[in-house]
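[1] give me a model of this one.
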Amino acid sequence: MTAKQLTTTHATPLPGQMEDLADRARGYVEAASSANTRRAYASDWKHFSAWCRRQNVSPLPPDPHVVGLYITACASGTAERGMKANTVSTIERRLSAIGWNCAQRGAPLDRKDRAIATVMAGIRNTHASPPRQKEAILPEDLIAMLETLDRGTLRGMRDRAMLLTGFAGGLRRSEIVGLDLGRDQTEDGRGWIEILDKGLLVMVRGKTGWREVEIGRGSSDATCPIVAVETWIRFAKLARGPLFRRVRGQGKDVGADRLNDREVARLVKKAALAAGVRGDLSEGARADKFSGHSLRAGLASSAEVDERYVQKQLGHASAEMTRKYQRRRDRFRVNLTKASGL
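    Down below sits the predicted model:
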């Protein structure tokens, strides 16, 4: 919801003394979802609105029959000229975006209406395919990736700290770049760190709220997340504010601005390619295999501990969600063929 939408949903203009509350309300609206989600929802609403204009129908108030025809067009590849058919996951996101945007405009959409629900069920049955999961970065992969980074440069120190912290903490890319050096230091921070004798304590605000993440010291300085973070802080001369920042001036100057979370995905992809991870694939296929989520999946797939601890570290509400991140850990470990006597 934009600032204009928030103030224009009222029948009459807000009194002057309530403008401050309106500003605060707009801030809370933005805080209700991540920046990436808001961008995606805005793009999807624009797509739906443009389709409605071409069909000479109005997107508001929402008509379930119109929405049902729209998702049909998305599934058949006719929603926009020259565009391929959308995947089921994309259509589900577009549907969520329409519902969210309609609700913000005071005109809720009934997604359970048969004109939508039945069509969506048919789309899932017809077009659904197994999820394309990103490749997990396993410990041996991560060590190889660290070797591709220049230990003697600020950028190399920063990238080393980001990879190790993201992996050992099972953090999302937005959680990695959202960290500050201490509590309540920035308005856009999503958490902070505290360096202790036994490890790194991370307080982070994720999708399900605040959680405490413990990152213990590694068995070697070369692969220890805490050593990497301490080295980056010391050489970058950081005292307050964002932990991970842009390195400028040919790698010799550290800026004040926080890194964008997309930089984490680029780093993982670049380092994985440089290290030759999944060298059995073509370069194009390999590039598509890795993202920021590869670090979370790597921890879930390689940590030889009770599943409950991994679930807590990743901030999952259910063990089932954690198992979706475990790419290879349990594959063929239990051989039911032999267990049955064959």
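[2] show me how the record splits this structure into domains.
    33-127, 139-325 (automatic domain parsing).
[3] dump those domains to TSV, plus mean neighbour count.
    Just so you know, the C-beta spots here come from the backbone N, C-alpha and C atoms, and that holds for glycine as well. Converted to TSV, the domains of the chain look like this (neighbours: other Cβ atoms under 10 Å):
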stretch	mean neighbour count
domain 33-127	16
domain 139-325	18
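[4] switch the ones you listed over to a markdown table; also include distance to Arg24 and mean pLDDT.
    Output for these, formatted as a markdown table (distance: least, Cβ to Cβ, whole Å; pLDDT from 0 to 100):
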| stretch | distance to Arg24 | mean pLDDT |
| --- | --- | --- |
| domain 33-127 | 17 | 91 |
| domain 139-325 | 13 | 87 |
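[5] so which of these gets nearest Leu21?
    For Leu21, the closest of those is domain 33-127, at 17.5 Å, according to Cβ to Cβ.
[6] on that earlier part again, possible to save the domains of the chain as JSON lines with distance to Glu19?
    Listed next are those as JSON lines, based on distance: least, Cβ to Cβ, whole Å:
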{"stretch": "domain 33-127", "distance to Glu19": "19"}
{"stretch": "domain 139-325", "distance to Glu19": "20"}
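[7] quick one: contacts for the residue nearest to Arg114 when sequence neighbours are not counted?
    Closest residue in space to Arg114, ignoring its immediate chain neighbours: Pro64 at 8.0 Å, by Cβ to Cβ, 6 or more residues apart in numbering. The contact partners of Pro64, taken as Cβ atoms under 8 Å, 6 or more residues apart in numbering, are 109-110, 113-116.
[8] show me the helices in the stretch 151-300 of the chain, by range?
    Along the stretch 151-300 of the chain, counting by DSSP state H, counting those that start in this stretch, helices occupy 154-169, 173-177, 225-236, 262-275, 283-287, 293-302.
[9] next one: the residue nearest to Arg114 from Tyr41, what distance?
    The spacing between Pro64 and Tyr41, counted by Cβ to Cβ, to the nearest Å, is 19 Å.
[10] could you do Thr223 as well?
    Distance from Thr223 to Tyr41, by Cβ to Cβ: 39 Å.
[11] for Leu179, same thing?
    Where Tyr41 is concerned, Leu179 sits at a distance of 26 Å (Cβ to Cβ).
[12] my guess is Thr72 contacts Ile116. True?
    No: Thr72 sits out of contact with Ile116 when judged by Cβ atoms under 8 Å, with a separation of 10.3 Å.
[13] quick one: residues contacting Ser220.
    Applying Cβ under 8 Å, 6+ apart, no residues qualify as near Ser220.
[14] the one 3 residues further on now?
    Residues in contact with Thr223 (Cβ under 8 Å, 6+ apart) are 142-143, 146, 164.
[15] leaving out the residues flanking it, which one is nearest to Val254?
    Ala236 (4.5 Å).
[16] next: Lys269.
    Phe290 (4.8 Å).
[17] so what's the one you found up against?
    Here Phe290 is in contact with 134-135, 137, 268-269, 272-273, 277 (criterion: Cβ under 8 Å, 6+ apart).
[18] closest to Ala85 among the residues you listed?
    Nearest to Ala85 among the contacts of Phe290, with distances taken as Cβ to Cβ, is Lys134, at 22.5 Å.
[19] pretty sure Ala115 contacts Gly68?
    Yes: counting by Cβ under 8 Å, Ala115 touches Gly68, with 4.1 Å between them.
[20] please enumerate the strands of the stretch 101-250 of the chain.
    Assigned by DSSP state E, counting those that start in this stretch, the strands in the stretch 101-250 of the chain fall at 179-180, 191-195, 199-206, 209-216, 245-248.
[21] could you dump those strands to TSV with distance to Ala25?
    Below are the strands of the stretch 101-250 of the chain laid out as TSV (distance: least, Cβ to Cβ, whole Å):
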stretch	distance to Ala25
strand 179-180	25
strand 191-195	24
strand 199-206	20
strand 209-216	20
strand 245-248	31
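[22] report the separation between Arg205 and Arg296.
    From Arg205 to Arg296 the distance is 16 Å (Cβ to Cβ).
[23] nope, Ala339 is what I was after
    From Ala339 to Arg296 the distance is 31 Å (Cβ to Cβ).
[24] what of Ala128?
    For Ala128, the distance to Arg296 - Cβ to Cβ - is 24 Å.
[25] likewise Met18?
    Met18 sits 42 Å away from Arg296, going by Cβ to Cβ.
[26] just Gln104 next, same as before
    30 Å.
[27] again with Gly276
    Taken as Cβ to Cβ, the span from Gly276 to Arg296 is 22 Å.
[28] one more: Glu80?
    Counting by Cβ to Cβ - Glu80 and Arg296 are separated by 33 Å.
[29] ok, now Ala35?
    From Ala35 to Arg296 the distance is 19 Å (Cβ to Cβ).
[30] likewise for Ile193?
    Ile193 is 18 Å from Arg296, by Cβ to Cβ.
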